[in-house]
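>>> Kindly generate the corresponding structure for this input.
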Amino acid sequence: MTINTGNTEETVKIAEPVEPTETFGDFGVRGDIVASLADKNIITPFPIQAMTLPVALSGHDIIGQAKTGTGKTLGFGIPALQRVVGPGDAGFEELPTPGAPQALIVAPTRELAVQVAADMTTAAKRSNARIATIYGGRAYEPQIDQLAAGVEIVVGTPGRLLDLYKQKHLNLKSIRIVVLDEADEMLDLGFLPDVERILAAVPEVRQTMLFSATMPGPVIAMARRFMSQPTHIRAHDPLDEGITKKDIRQVVYRAHPLDKVEVVARILQSEGRGRSIIFSRTKRAAAKLSEELTDRGFSAGALHGDLGQGAREQALRAFRNEKIDVLVATDVAARGIDVDDVTHVINLQCPEDEKTYLHRVGRTGRAGNKGTAVTLVDWEDIPRWGLINKALGLDQGEPVETYSSSPHLYEELNIPAGTKGRLPRNKRQLEGLKGEKVEDLGETGGKQRSDARPQRSRGRSKEGERRHGHSHGRADRPNKESTGEGRGQRAEEADTPPVEAGSERPRRRRPRTRRRNGEVVNNRDEQ
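All right, here's what the predicted structure looks like:
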């Protein structure tokens, strides 16, 4: 089947799963990469990898389209590793600029960039390729030093990549392969202009691979502009014709907001429940639920945009290293958590739309595993859920009214009879969030560190500090954190917009009446 997009574009569909006997070596992958993957018991490629590798290794441009959780990372990561030349490899010294990046992988979120780099580091264990992860929230200096020391592959987010390129710390003149991962998410987050600036800075003669779960118009337009005769690969299982993966069991309940914590606490005690992710609509709700579940004996941690990068990475490490088994997150984590054995995903509220729903539930049922997705819909969100249900064809347009004591909740989710809203002490076995230390990343937004940092400050202005701290005339009001209310939260939920630096207005002097021995004393007379 041929699709006309301005260039000749071949569409390839996967009709059958990969044969169990086929290994990465059968697809022409270099021996050291095959051995590195085998060390982690990664032997057989997934369908998207099997279809991508022959085309990518031959140097052709690729548009890869597959459902989330199907293994796209190695589909583009292995070809990138195989094409770069590292120190000690034949031809390294003959490169125009030895040590300059040869492959660039752009991801929309920090968490996804970290995960992609981790997967590629696994595959590069026995090779000479050096990999740098470049993203915001961390200090500039270590990233600049790493680039100066020489790297072959750079994985990063658009904003920080563009910052370092403008400061001439990131050399893009030797890039021979570019990968855009989760391109539709970059569109949603408003990163496409930055991505286009990056693509305009790399050499025109290169290999470009674009991967995305969906292909909205702006993404297709970008592909037409920056790609040359791309091969369009769509991976799917012939037994899985639905929009969502067949390995995910999806249930939807109409629940009361005041009873949701009790419902969640019981679901987390389902038989066979492993690592679980709970998605919340707001940062405040994520922080509050994480704290509540911890008080109830669960090993839980929060992941949301109000946390510093060190705390975010602490929560992810604790989750991956099984120090905690419950992660309460906002959509900042919807595309950045690549853990194969997540058994349950819980939507605390109805997602905003069908795309958000797909990305959330796609955190479970990964790599051929089974998963369960539970969505708790408020009464007022029933119309919104109806639109999602219709768009995805889930046949669950009327969610069953459900409470923490409802018998069908216990039956459908395999919750043992008599389960209460607190985890019994004999089942509290994990170390918890404290099992992972918070790294000092020299996070941006704090004090100034060097001239390497760009002029655009992402920190809080002095006026903002006053708004969120000791604001004038409010010293008598109790602070929410000091009273325990909303502990772990920050000022992001405030209704007032942040004040930009330099916009501070002079304060108006307020007349004060002072008395001494019953007589009024003039302020100026005192001075």
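
>>> Need phi/psi at the residue nearest to G88 when sequence neighbours are not counted.
In this structure, G88 finds its nearest non-sequential neighbour in N128, 4.8 Å apart by C-beta to C-beta, 6 or more residues apart in numbering. Yep, even glycine has a C-beta here, placed from its N, CA and C like the rest. Note on N128: its backbone torsions stand at phi -100, psi 0 [degrees, to the nearest 10].

>>> How about the contacts made by N128?
G86, P87, G88, D89 (C-beta atoms under 8 Å, 6 or more residues apart in numbering).

>>> which of the residues you listed lies closest to L293?
G86 (44.9 Å; C-beta to C-beta).

>>> I'd assumed R126 was in contact with the closest one.
No - between G86 and R126 there is no contact under C-beta atoms under 8 Å: 11.3 Å.

>>> Name the residue in those two with the higher neighbour count.
Comparing G86 with R126 by other C-beta atoms under 10 Å, the one with more neighbours is G86, at 19 against 15.

>>> Could you pull up the residues touching that one?
F92, S127, N128, A129, R130, E152.

>>> same deal with A329?
I277, I278, F279, S280, A286, A302, L303, H304, I337.

>>> what residues does the helix or strand containing I198 touch?
In this structure, I198 is located in helix 192-201 according to DSSP states H and E. Helix 192-201 is contacted from outside by 104, 106, 158-159, 161-162, 165, 172, 178, 180, 183, 186, 208, 218-219, 222, 225-226, using C-beta under 8 Å, 6+ apart.

>>> mind listing the strands in the stretch 201-350 of the chain by residue range?
207-212, 231-234, 248-254, 275-279, 300-303, 326-329, 342-347 (DSSP state E, counting those that start in this stretch).

>>> Make TSV from those strands and add distance to I33 and mean pLDDT to it.
Output for the strands of the stretch 201-350 of the chain, formatted as TSV (distance: least, C-beta to C-beta, whole Å; pLDDT from 0 to 100):
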stretch	distance to I33	mean pLDDT
strand 207-212	17	93
strand 231-234	20	88
strand 248-254	31	94
strand 275-279	28	95
strand 300-303	31	94
strand 326-329	31	95
strand 342-347	27	95
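
>>> Serialize the ones you listed to TSV and add fields for distance to G421.
What follows is the strands of the stretch 201-350 of the chain, written out as TSV (distance: least, C-beta to C-beta, whole Å):
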stretch	distance to G421
strand 207-212	40
strand 231-234	44
strand 248-254	16
strand 275-279	15
strand 300-303	14
strand 326-329	14
strand 342-347	15
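
>>> per-domain residue ranges of the protein.
Residue ranges for the domains of the chain, per automatic domain parsing: 2-234, 248-422.

>>> Take the ones you listed and lay them out in a markdown table including distance to E439.
Shown next, in a markdown table, are these (distance: least, C-beta to C-beta, whole Å):
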| stretch | distance to E439 |
| --- | --- |
| domain 2-234 | 9 |
| domain 248-422 | 5 |
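
>>> nearest to K434, of those domains?
Nearest to K434, of those and by C-beta to C-beta, is domain 248-422 at 8.1 Å.

>>> what's the first-to-last distance across the closest one?
Domain 248-422 has an end-to-end distance of 27 Å (C-alpha to C-alpha, to the nearest Å).

>>> so where is the stretch 201-350 of the chain shaky, pLDDT-wise?
Scanning the stretch 201-350 of the chain for pLDDT under 70 picks out 236-245, 332-337.

>>> mind listing the helices for it?
In the stretch 201-350 of the chain, the helices defined using DSSP state H, counting those that start in this stretch lie at 217-226, 260-267, 283-295, 309-320.

>>> Let's have those helices in a markdown table, adding distance to N414 and mean neighbour count.
Converted to a markdown table, the helices of the stretch 201-350 of the chain look like this (distance: least, C-beta to C-beta, whole Å; neighbours: other C-beta atoms under 10 Å):
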| stretch | distance to N414 | mean neighbour count |
| --- | --- | --- |
| helix 217-226 | 40 | 16 |
| helix 260-267 | 10 | 21 |
| helix 283-295 | 20 | 21 |
| helix 309-320 | 23 | 22 |
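
>>> could I get the ones you listed as JSON lines with distance to N41?
Listed next are the helices of the stretch 201-350 of the chain as JSON lines, based on distance: least, C-beta to C-beta, whole Å:
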{"stretch": "helix 217-226", "distance to N41": "34"}
{"stretch": "helix 260-267", "distance to N41": "31"}
{"stretch": "helix 283-295", "distance to N41": "32"}
{"stretch": "helix 309-320", "distance to N41": "17"}
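
>>> Nearest to E380 among the ones you listed would be which one?
It is, among the helices of the stretch 201-350 of the chain and with distance given as C-beta to C-beta, helix 260-267, at 14.0 Å.

>>> In contact with the nearest residue to A286 once chain neighbours are set aside, which residues?
Among residues not flanking A286 along the chain, S280 sits closest, at 4.1 Å (C-beta to C-beta, 6+ apart). By C-beta under 8 Å, 6+ apart, the contact list for S280 reads A286, L289, H304, V328, A329, T330, L348, Q349.

>>> so how far is I346 from S280?
9 Å (C-beta to C-beta, to the nearest Å).

>>> Name the nearest residue to I33, ignoring sequence neighbours.
Closest residue to I33 apart from its sequence neighbours, by C-beta to C-beta, 6+ apart: A123 at 5.4 Å.

>>> ok, that neighbour - contacts?
Contacts of A123 by C-beta under 8 Å, 6+ apart are I33, S36, L37, L74, G77, I78, L81.

>>> quick check, nearest of the contacts of S280 to D440?
H304 (20.4 Å).

>>> My guess is the closest one contacts A286. True?
Yes - at 4.7 Å, H304 and A286 qualify as touching, with contact defined as C-beta under 8 Å.

>>> what residues do those two have in common as contacts?
Common neighbours of H304 and A286 (C-beta under 8 Å, 6+ apart) are S280, A329, T330.

>>> For the residues you listed, give me CSV that also has distance to P47.
Output for these, formatted as CSV (distance: C-beta to C-beta, whole Å):
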residue, distance to P47
S280, 33
A329, 28
T330, 31
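
>>> which one among the residues you listed gets closest to Q396?
Using C-beta to C-beta, the shared contacts of H304 and A286 come closest to Q396 at S280, 21.1 Å.

>>> how near is that closest one to R110?
19 Å.

>>> right, and the helices of the stretch 201-350 of the chain - which one's nearest S406?
Judging the helices of the stretch 201-350 of the chain by C-beta to C-beta, what sits closest to S406 is helix 260-267, at 8.6 Å.
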